[in-house]
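*Asks:* What shape does this take:
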Amino acid sequence: MRPIMLLHHVTCIVAHMIACFPLAAGFGWYFLGVISLEFGSGVCNIFCFGWPWYPLTTYLYFAGMTISNLLACYCAYHWVQTVQSRSGRLIGIVITGVLTVMRQREAHRAFAVST
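*Replies:* Next up, the predicted model:
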């Protein structure tokens, strides 16, 4: 596993632990955000393995990842409204921000190379 993917998975585990236990008040928003991020991962998999439909999968990946990331940020915004601690809000915003920016950067890179 590439180091960046290992870091990604460790970050996700830490975020899940934080959202499920000490900051569980807004769990519904958190869970909806996670589902939206997984949607983006799904279109990434279609892009990676969908080569027979090559131009379509590139557009699907970029559009799907963009929608996924925007929805995750929307959910994170609402989730942090339920968090009482300033440090909890900061952690949620930073983790979501870094993950979505890195995911969007990769989607943009793939789109630029493929089109």
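*Asks:* Just give the number of residues close to the closest residue to residue 27 other than its chain neighbours.
*Replies:* Leaving aside its sequence neighbours, residue 27 sits nearest to residue 19 (CB to CB, 6 or more residues apart in numbering; 6.4 Å). Every C-beta, even on glycine, is put in place using the N, C-alpha and C of the backbone. For residue 19, the number of neighbouring residues by other CB atoms under 10 Å comes to 24.
*Asks:* try residue 32
*Replies:* When neighbours are counted by other CB under 10 Å, residue 32 registers 18.
*Asks:* which residue sits closest to it, ignoring its sequence neighbours?
*Replies:* For residue 32, ignoring the flanking residues on the chain, the nearest one in space by CB to CB, 6+ apart is residue 75 at 4.8 Å.
*Asks:* Quick test: name the residue nearest the centre of this protein.
*Replies:* If you average the C-alpha coordinates of the chain and look for the closest C-alpha using CA atoms, centre = their mean, you land on residue 37, 3.8 Å from that point.
*Asks:* got a pLDDT number for that one?
*Replies:* Taken from the predicted model, the pLDDT recorded for residue 37 is 94.
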